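> make a model of this:
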Amino acid sequence: MCDVYTTCESCNSSQSVLLGCHWCEFDNACHAVGDVIYGCLYGVNCYSIDNCRRTDPEPSNALPPPAAAVAALVILGTAAAAGMTCCVFVSNRVRLAYLALLPERAGGGEGGEEGRETNTVQRLFELKPFTSPFGGKKKRRSRGPSLDLGEDLDYDLALVDNDGMSPPPPSPPNPSSPSPSSPSPVESNKAHIKCLWRCCLYFYVFALLSLATFITCVLTLWPHYPEFNMCSDELQWTTIIEGMVLGQAKASYQLLISLYNPNVFSATLNYGSGLMSHDGVTVGVLDFGSEVSVPGTSITDVLVTATFSTSKWDALSLTEAYYAGTLTLTVDAQATVTVEGIGYTREVEWHNYILHLDGEYGDRELCACEKW
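Residues are numbered from 1 along each chain as shown. Have a look, this model is predicted:
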């Protein structure tokens, strides 16, 4: 009947047979008490350190950042996004106003100036036909071989066409007038404005994405202090209290502690230590060891050394309170915590951690065996 139970806790609490069932360590199975043929003579304690200690870190969830930090980042992010949006809106209005003025400037301003400059240049280069005041034909002094123009025409009159007008000289090129293949100044200005506006939009989108990424990273990587629970069970504490009653002046025990790292990155506790007191009197000293590493977002079980040193009267007081179910110990601990990945190092202190030794009000939510 006991083989139907598959866990140590359900096995030890069952009353399926006359003497009950217990969990045997050699095959990790449930057998009837007194069955020495298929079972074992003595069952194991389901809540001993070995059975309630995690061999590997247990994955857990990351803690959210504090509400004050979230509110501050949201306010700052909203203000920054609103400021950038206002800048883009004003820039867009200026761009539209400038583009609206470009045709007017082209018709009355730039075009008029170009026309006036062209007329001035043409007037400067315009030549009137030459008319001799003496009329008739003019004999030129020959300084060399004469140029035979035919029909006894004078050299000066050879420049005059049949209508009596000299051909106009070729007009000089106007450097301000655009060539047929090149865009006009108005079109060039519009192209420049569009390019600047496109760059402004790209920068605006990049700034918003950078702001959102920064806020997300800060909220995700916000450092938290590790948390711990004392997970030793009733059997171990009974052994400790009985050792005090027997008059052991100083005795060291290993206590099971579950450490919870709520950060995304791994955390390392260095030189952790603490004091255990009862009614203001120190009764024990805790030593976490030189270095304890806890992976990110996980719960890791570690053994710490607790050295109890009490006087005879303090031991009697502790024993009386323990068996009365009212014994509480106050734990004050400190350690140097380093969060890897972001290089965050700080001294962490835990004050007034109340350890209830009655098994009913103890904080054991991080323990593998939450039952006392």
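> need the strands for the stretch 151-300 of the chain, in chain order.
Applying DSSP state E, counting those that start in this stretch to the stretch 151-300 of the chain gives strands spanning 227-230, 250-261, 267-278, 281-294, 298-309.
> just checking: what are the partner strands of the last one?
Pointing back at strand 298-309 there. Paired neighbours of strand 298-309 in the sheet (DSSP bridges): strand 58-59 (antiparallel), strand 250-261 (antiparallel), strand 281-294 (antiparallel).
> and the helix or strand just after it, C-alpha only, in PDB?
Using DSSP states H and E, the helix or strand that directly follows strand 298-309 along the chain is helix 312-323. Below are the C-alpha coordinates for helix 312-323, written out as PDB (Å, rounded to 0.1, in the frame of the first residue of the first chain):
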ATOM      1  CA  LYS A 312      24.400  28.600  30.700                       C
ATOM      2  CA  TRP A 313      21.600  31.000  31.600                       C
ATOM      3  CA  ASP A 314      21.200  32.100  28.000                       C
ATOM      4  CA  ALA A 315      21.100  28.500  26.800                       C
ATOM      5  CA  LEU A 316      18.300  27.700  29.300                       C
ATOM      6  CA  SER A 317      16.300  30.800  28.200                       C
ATOM      7  CA  LEU A 318      16.700  29.700  24.600                       C
ATOM      8  CA  THR A 319      15.600  26.200  25.300                       C
ATOM      9  CA  GLU A 320      12.600  27.300  27.200                       C
ATOM     10  CA  ALA A 321      11.500  29.600  24.500                       C
ATOM     11  CA  TYR A 322      12.100  27.000  21.800                       C
ATOM     12  CA  TYR A 323      10.000  24.300  23.300                       C
END
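> so which of the strands paired with strand 298-309 is the most surrounded?
Ranked by mean neighbour count, the strands paired with strand 298-309 are led by strand 250-261 with a mean of 19 (mean count of other CB atoms under 10 Å). Backbone N, C-alpha and C define where each C-beta goes, glycine included.
> what angle do strand 267-278 and that one make with each other?
Following axes from the mean of the first three to the mean of the last three CA atoms, to 10 degrees, one obtains 130 degrees for the angle between strand 250-261 and strand 267-278.
> so what touches strand 250-261?
49, 52-54, 60, 226-232, 236, 239-240, 243-244, 267, 269, 286, 292, 294-309, 366-368 (CB atoms under 8 Å, 6 or more residues apart in numbering).
> quick revisit: mind checking which of the strands of the stretch 151-300 of the chain is nearest L355?
For the strands of the stretch 151-300 of the chain, the distance to L355 is smallest for strand 227-230, at 5.2 Å, taking CB to CB.
> tell me which strands that closest one pairs with, and in which orientation.
When pairing is defined by DSSP bridges, strand 227-230 lines up against strand 250-261 (antiparallel).
> any idea of the mean pLDDT for the partner strand?
In this model, strand 250-261 carries a mean pLDDT of 84.
> mind showing which ranges of the chain have poor pLDDT?
For the chain, applying pLDDT under 70 flags the ranges 15-17, 45, 47-50, 103-183, 235, 247-249, 358-362, 371-372.
> can you tell me the centre-most residue of it?
Centroid-nearest residue in the chain: C217, 1.0 Å away (criterion: CA atoms, centre = their mean).
> quick one on the thing from earlier: any chance of CSV for the strands paired with strand 298-309, columns distance to M1?
Putting the strands paired with strand 298-309 into CSV (distance: least, CB to CB, whole Å) gives the following:
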stretch, distance to M1
strand 58-59, 33
strand 250-261, 33
strand 281-294, 42
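> wait, which of the ones you listed is closest to T6?
T6 lies closest, by CB to CB, to one member of the strands paired with strand 298-309: strand 58-59, at 20.2 Å.
> what's that closest one in contact with?
With CB under 8 Å, 6+ apart as the test, strand 58-59 has contacts from 297-300, 368.
> tabulate the strands of the stretch 151-300 of the chain (JSON lines), appending distance to A212.
What follows is those, written out as JSON lines (distance: least, CB to CB, whole Å):
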{"stretch": "strand 227-230", "distance to A212": "30"}
{"stretch": "strand 250-261", "distance to A212": "27"}
{"stretch": "strand 267-278", "distance to A212": "27"}
{"stretch": "strand 281-294", "distance to A212": "30"}
{"stretch": "strand 298-309", "distance to A212": "28"}
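> circling back: quick check: the residue nearest to the centre of the chain vs G20, distance?
Separation of C217 from G20 (CB to CB, to the nearest Å): 56 Å.
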